[in-house]
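**Student:** Fold the stuff below for me.
(2 chains)
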Amino acid sequence: MVDKDNNSVEELAPAEEKSTISRRQFITGMGGIGVGIVLGGTLFKGFLLPDEVIAIPASGGYLLVDSKKCQGCNTCMMACSLTHHGVENLSLSRIQIVQDPFACFPDDKMITQCRQCADPKCVSACPTGAMHVDDETGVRTVDTAKCIGCQECVNACELNLSGAGWNFEEKHAQKCDLCLDTPFMDADGGPGGQQACVAVCPTGAISFTTEIPVQTDAGYEVNLRDEGWAALGYPIDDEGKVSPAAAAAASGH
Amino acid sequence: MATGGYVGKILRVDLTARETSVIETEKYTEWGGGHGIGSALFWDLCKDKTVSGRDSGNVLTFMTSPLSGTMAPSASGRVEVQGIGTAGYPVNWFTRSNFGGRFGGQLKQAGWDGIVLEGKADAPIWLDIINGKVEFRDAADLWGKDTQETQQLIWELKENEEHGWTEIGKTRDSGRTTQKPAIITIGPAGENQSSLGCLVHDAGNAAGQGGFGAVFGSKNLKAISVVGTGSIAIADPAGLLNARIWAKEEYAAAPGQKVEPNGPTFGVDPAPVFLYAKNPDGPMGPQACQGCINGCRARFDTGIANESSCQETSMYKAFDTLAHGEGTDASYIATDLVQKMGVNSYELMQGIGYLYALSKMGVLGKGLEIDTDLDMSRVGEADFAIDLITKISNREGIGEDLADGFVRAAEKWGRLEQDYAIGILDFPYWGYANHGYDPRAETEWGYSSIMGDRDMNEHGFNANFWSVIKHMMAGLEMPVSAEEYAKITTAKMVPYDDDPNMVDYSTENIYSESFAKLVVWQRHYTRFWKQSALYCDFRYPDFTNYNREDNVGITGDGEPKFWNAVTGQDLTFLDGIELGRRIWTLDNAIWILQGRHRDMVQFASYIYDIPLENSLVGPYYPMAGKVDGQYAYINVLGRSIDRDGFEEWKTHFYNLEGWDPASGWPTRETLESLNLAFVADALTEAEKLGGE
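**Tutor:** Model prediction:
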């Protein structure tokens, strides 16, 4: 439904700089189409992605979200960019909230976060092993030193809004690492640690679990609403279609 | 230069020449941000400060703060708008408004700390800001469209409008975002230069008071759209995250849970603020401005009146109930329509009351003295609201008179003095509608408004009224006694924290120096912390917070903590208040150049002559006040303002500010002590410097 990465090649890096640039910068400078041609062949894939792919360990944790409980303040996005990069930038957030102020609830918000897939297409697509599974935690994450900027991971992700993103400031792929690598957060992150988005969400619309969630079309969209939420006047049924007033009327209370 | 919180540049737009230039933010950072920088820019760039709001010489500023677009709780989303307004009466005072949402964050991410608008375009245009690129675009196709249609049309012009990453430059490294451009726009009311015209952003954010919609209209500017992908530098990222978590855990409502009732403060629960006679009962979800600790709004399954809250939702309540005996869909339709047409709902609400009174008196109606085809028998019905709002927005029929404000309409009809005298024209200060917090009862609201330029709309002390009312209605005991409330509150009111009588609303105290200190503190606190740092009025100041065992709110500790984490400065709470004093004094100098003098500072006559008998919620208006030397929650209804008492109070106020009590003009000594010698020079030249 969405062209995740329609990069233009109109502004290429000047030729005279090529002699001094790294392999990553070279491929970045070529733009998406050029990269597609190179990586579509066997040059990288042949030696970096052997056929004998072994079973990938499960992630040590997962983010669950409830877009019907989300207030759309984007604080999670600001926390994500702040803890990972030390700056505020919604575009650098690995969790994305997309809203339409005029739409009808509950179709007014969409949250996309990496699902830490059992079969991570982003990892399989990566020609260099930059996108990898962390040995200790099972978290799918990026070794930025190995990233060549080809964006195969971004394109491979099957979510409507790719869980893997392109950091256009630091020039590497990035994705939710459950706060494993957060140089600007005092607390330890990763499974067993603190996730910045969970820690700051005002309404409790994001949670963390170590259980592998059931994979459906809705992804890890779950119902995090309880009776306290209903007391505020908001629906707590899964679909968000029944107001507390209507629920009370239906039950005779 | 980009430093903690600031992104370094202010966009200067010459609409006449269709040219832009850059002002280095650094030149103005001594003013903090928001209002402070806006006033300083206006002072420097508006050469003739006596022009009317609709004059092309008027200068309009949109300023963010270092906190905009950051995680500082409930301070990330607001933008301060300033310039000469069109609503003030008898003078179009230099005035302010601000609006929430996400415009400020997008503007900062685009690399701009603010926007200055000068001149007038020769044809309707809109400004398209994409990071550092600014385009003047033809608005012929947008002119006449309502605020929702306008925003949707602009979004449709953007590629990949569907949910997804949008590349906003020509290369993949020039930035990408999932966010829709943030747009501030006028509706038909602003296009037709009605002083009721608002600036509207998304569904429910508006700079409503002041009449800035008419200023946009006069400049042929339909909208400003901005999208940005740049980063905002933060001096202490880990410190900012820690502060946010501290605020959430120590002061905010438990996530998604109902808490002890309170007024608009930091610790209230994340429920939308509805004042409809009958609140929407369909499914809805929460909605908040960027970075809010707990939002105050909702979006609905119908999409009608999305993001509307508080006063907008009470705008048609009384009339709907009058017509139907209960609340109906007419209220939602009226609320939705003011957002779309971009009409100031405060003025409209009191204005409909005025029209209704005139019709009952046999003065206004078809074939009557004020002849109109407005069908007054339909007041309270949706069709009446649609007819009236449309007439005002398009200046049709009686709308031609009303489009310049109800006070100017009354003047045109030769009824101003008589309708003030009987109190049916409820516009107590500078031609602005009564907010519902009447000067006779909630005296600080009236005093702050009349000493300023507009209905002040600051809920710091008003929050206590709502706290008591909500507890009364729920049959609950107040968590704090009036004595404890006064102790907690006055302890935070530096530098006057040694005076426990400041929040005594008894009739014996409202003309005192102590009560003047309250208003002076409020003017200085809000000028910096709320209107320059841009902490939201609905969450700050936080005096009493019932989520804490000691009931002591975040104010005093919170404001500088977030500011310093973002900026790397070492600003104290009192430093901010003192900067607020400086900004407030500069504003007063602008009003003085526009003609302000102590003698003009008067309420409409009914405020002195007719005692107030009812509040918004009935025959009780509880505030803290002393009885026999002890604080209690007292009912402040049944009184009017004493003329001589108010004059005594003004003298206290001017003395506390260091302004000449004879004229209300600042002295050179005061101005120089605030590093405002250049203002003293300008006032000397205008022969308006206060005597020592």
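**Student:** make it CA atoms for all contacts and neighbour counts henceforth
**Tutor:** Noted.
**Student:** burial measure for B:Leu674, as a count.
**Tutor:** Using other CA atoms under 10 Å in any protein chain shown, B:Leu674 has 16 neighbouring residues.
**Student:** so what's it scoring on pLDDT?
**Tutor:** Per-residue pLDDT puts B:Leu674 at 98.
**Student:** now swap in A:Leu43 and tell me
**Tutor:** Note on A:Leu43: pLDDT of 36.
**Student:** low-scoring stretches of the stretch 551-692 of chain B, by residue?
**Tutor:** Filtered on pLDDT under 70, the stretch 551-692 of chain B yields no residues whatsoever.
**Student:** Might you name the residue of it sitting closest to chain A?
**Tutor:** Residue of the stretch 551-692 of chain B nearest chain A, by CA to the nearest CA: B:Val566 (9.9 Å).
**Student:** tell me the contacts of that residue?
**Tutor:** Contact analysis of B:Val566 by CA atoms under 8 Å, 6 or more residues apart in numbering or on different chains lists B:4-5, B:66-67, B:70, B:233-237, B:240.
**Student:** cool, B:Asp642 as well?
**Tutor:** B:Tyr608.
**Student:** what's the answer for B:Gly282, then?
**Tutor:** Counted by CA under 8 Å, 6+ apart, B:Gly282 has contacts A:242-243, A:245-246, B:300-301.
**Student:** cutoff 7 Å now
**Tutor:** A:243, B:301 (CA atoms under 7 Å, 6 or more residues apart in numbering or on different chains).
**Student:** separation between it and B:Gln311?
**Tutor:** In this view, B:Gly282 and B:Gln311 are 20 Å apart by CA to CA, to the nearest Å.
**Student:** Same question for B:Ser377.
**Tutor:** With the distance defined as CA to CA, B:Ser377 ends up 24 Å from B:Gln311.
**Student:** Could you tell me which residues within the helix or strand hosting B:Thr585 count as buried?
**Tutor:** For B:Thr585, the host element (DSSP states H and E) is helix B:573-593. Neighbour-count burial for helix B:573-593, counted by 16 or more other CA atoms under 10 Å in any protein chain shown, picks out B:573-574, B:576-593.
**Student:** And it, what does it pack against?
**Tutor:** helix B:513-525 (3 or more CA pairs under 7 Å, 6 or more residues apart in numbering or on different chains; DSSP states H and E).
**Student:** any residues touching the helix it packs on, and which ones?
**Tutor:** Contacts for helix B:513-525 (CA under 7 Å, 6+ apart): B:444, B:448, B:493, B:496, B:501-503, B:509, B:577-578, B:580-581, B:584, B:649, B:652-653.
**Student:** So which bits of whichever strand or helix holds B:Val338 are buried?
**Tutor:** Here B:Val338 sits within helix B:329-341, counting by DSSP H and E. For helix B:329-341, a neighbour-count test (16+ other CA under 10 Å) marks B:330-341 as buried.
**Student:** next helix or strand past the helix-or-strand element of chain B with minimal mean pLDDT?
**Tutor:** Of all helical and strand segments in chain B, the minimum by mean pLDDT, DSSP states H and E falls on strand B:166-167, at a mean of 72. Later in the chain than strand B:166-167, the nearest helix or strand by DSSP H and E is strand B:176-177.
**Student:** Neighbouring strands - and their directions - for that following strand?
**Tutor:** Applying DSSP bridges, strand B:176-177 is found paired with strand B:166-167 (antiparallel).
**Student:** so what's B:Ala277 up against?
**Tutor:** Going by CA under 7 Å, 6+ apart, B:Ala277 touches B:317, B:326-327.
**Student:** wait, I meant A:Cys179
**Tutor:** Counting by CA under 7 Å, 6+ apart, A:Cys179 makes contact with A:189-190, A:195-196.
**Student:** what's the farthest-apart pair in those residues?
**Tutor:** A:Gly190 and A:Ala196 (10.0 Å; CA to CA).
**Student:** quick one: which of the two has more around it?
**Tutor:** Neighbours per residue, other CA under 10 Å: of A:Gly190 and A:Ala196, the larger number sits with A:Ala196, 26 against 21.
**Student:** name the element the nearest residue to that one once chain neighbours are set aside belongs to?
**Tutor:** Nearest non-adjacent residue to A:Ala196, counting by CA to CA, 6 or more residues apart in numbering or on different chains: A:Ala79, 5.8 Å away. Remark: A:Ala79 resides in helix A:75-85, with elements defined by DSSP H and E.
**Student:** State the mean pLDDT of the helix or strand just after that helix.
**Tutor:** Downstream of helix A:75-85, the next assigned helix or strand under DSSP H and E is strand A:87-88. Averaging pLDDT along strand A:87-88 yields 98.
**Student:** Could you pull up the residues touching B:Ala87?
**Tutor:** Remark: with contacts taken as CA under 7 Å, 6+ apart, B:Ala87 is in contact with B:195, B:210-211, B:405.
**Student:** any idea how far it lies from B:Val215?
**Tutor:** From B:Ala87 across to B:Val215, the span is 10 Å (CA to CA).
**Student:** again, but for B:Leu368
**Tutor:** 34 Å.
**Student:** Give me the more crowded residue out of the two.
**Tutor:** Taking other CA under 10 Å, B:Leu368 and B:Val215 do not tie; B:Val215 has more neighbours (33 against 11).
**Student:** who in the stretch 51-200 of chain A is up against chain B?
**Tutor:** A:68-75, A:78-79, A:82-83, A:86-89, A:91, A:98, A:101-106, A:161, A:168-169, A:184-186, A:199-200 (CA under 7 Å from any CA of the partner chain).
**Student:** Pull out the buried members of the residues you listed.
**Tutor:** Taking 16+ other CA under 10 Å as the criterion, what is buried in those is A:68-75, A:78-79, A:82-83, A:86-89, A:91, A:98, A:101-106, A:161, A:168, A:184-185, A:199-200.
**Student:** The strand or helix carrying B:Leu153 versus helix B:329-341: what angle between them?
**Tutor:** According to DSSP H and E, B:Leu153 maps onto helix B:147-157. If you take axes from the mean of the first three to the mean of the last three CA atoms, to 10 degrees, helix B:147-157 sits at 50 degrees to helix B:329-341.
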